[in-house]
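Enquirer: only geometry, no sequence info:
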Ligand code: DP6
């Protein structure tokens, strides 16, 4: 029996991944940039056991079947193929952040799975190979493999579509204050969203413009230029949501409280507080600020009507074997 345990952080995208040129391989239509979120993690143990009649998945103590298990078995199949193994595995996974907290769990989950399963199978993959493997489970998981501030290059093919670190964890003291907005709406998942991104007439323009946004964002991070950074992440998030809203069927993730936070964040920035917003496929707002202002930003967010909770996370490290 070969067992390995790995831990990975979720990440928040500053330049968003939205749409694939190959849905099965999760080859994106554009590159993206993100920051791992410290303190939040998924811990996953994979053990290959000859006695198992099929793969088993247990998340936070509950057995998972159906789609969730199929997605995990797909990654295990890739690992078995690489390692020449024909044994089923038990996968036990735990998140330390609540489901529905506005933080996608798939990025941390598939990054931890890629690392734990490949190690348990006796493979020692490079960071790029791990990133590619995690990508096959969830695109954004490719970015939870390397440390700190990360770019996922779209690449020309399956081999060169992976993520790498552009700056280490301690490069810049950025903090993500996630404002949890009460939401009664059941959201459409990212996988379904990627599949219809191309139905929006705005998607081609967004994709064509991505190299410009990537460059501005990368430079803002490298130069620690907060004003440029805040402007580009808001612009990029707004562009992705414009595509979502104009897809067929249309996806409207924002709630009224989401928009109210946008207005507040822009007012706060205009009055000198270093803050900017970005939103993934949900209603919750990731308010990114400089570390020195995190306490003040958290307090102001908690005082807003419609905000039920605020999670606070700085830059996080790479996926690691524990
Ligand atoms: C809006 O990586 O969750 O958060 O590959 O289908 O699992 P799948 O999609 P996923 O998409 C993330 C979309 C996003 C933007 C981003 O994280 O870049």
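Expert: Here it is on my side, so go on. On a predicted model such as this, the values are computed, not experimentally measured, just so you know. Numbers count the residues shown, from 1 in each chain.
Enquirer: In stretch 315-322, which residues have enough neighbours to count as buried?
Expert: Neighbour counts over stretch 315-322 (16 or more other Cβ atoms under 10 Å) mark 315, 316, 317, 318, 319 as buried. From N, CA and C alone the C-beta is placed, and that goes for glycine too.
Enquirer: For the ligand, see how far away the second one is.
Expert: Yep, that's residue 316 we're talking about. Residue 316 is 15 Å from the ligand, where distance means Cβ to the nearest ligand atom, to the nearest Å.
Enquirer: Which pLDDT does the model give that residue?
Expert: pLDDT for residue 316: 98.
Enquirer: Quick check: it touching residue 169?
Expert: Yes. If you go by Cβ atoms under 8 Å, residue 316 and residue 169 touch, sitting 6.8 Å apart.
Enquirer: that older thread, show me which pair in the buried residues of stretch 315-322 is furthest apart.
Expert: The most widely separated members of the buried residues of stretch 315-322, counting by Cβ to Cβ, are 315 and 319 (14.3 Å).
Enquirer: For residue 316 and residue 169, list the residues in contact with both.
Expert: Each of 36, 38, 147, 148 lies in contact with both residue 316 and residue 169 under the rule Cβ atoms under 8 Å, 6 or more residues apart in numbering.
Enquirer: Local confidence estimate at the nearest residue to the last one once chain neighbours are set aside?
Expert: Spatial nearest neighbour of residue 148, excluding adjacent residues (Cβ to Cβ, 6 or more residues apart in numbering): residue 169 at 4.2 Å. On the pLDDT scale, residue 169 is placed at 98.
Enquirer: For this structure, which segments count as helices?
Expert: 66-83, 105-120, 127-137, 190-196, 203-208, 210-222, 226-245, 256-270, 294-302 (DSSP state H).
Enquirer: ok, residues contacting the longest one?
Expert: If I follow you right, that is helix 226-245. Applying Cβ under 8 Å, 6+ apart, the external contacts of helix 226-245 come out as 14-16, 18-19, 193, 197, 200, 202-203, 206, 209, 213, 216-217, 219-221, 250-254, 262, 266, 269, 274-279, 281, 288, 290.
Enquirer: quick one: average pLDDT of that helix?
Expert: 98.
Enquirer: mind checking how far it is from the chain centre?
Expert: With Cα atoms, centre = their mean, to the nearest Å as the basis, helix 226-245 stands 16 Å off its chain's centre.
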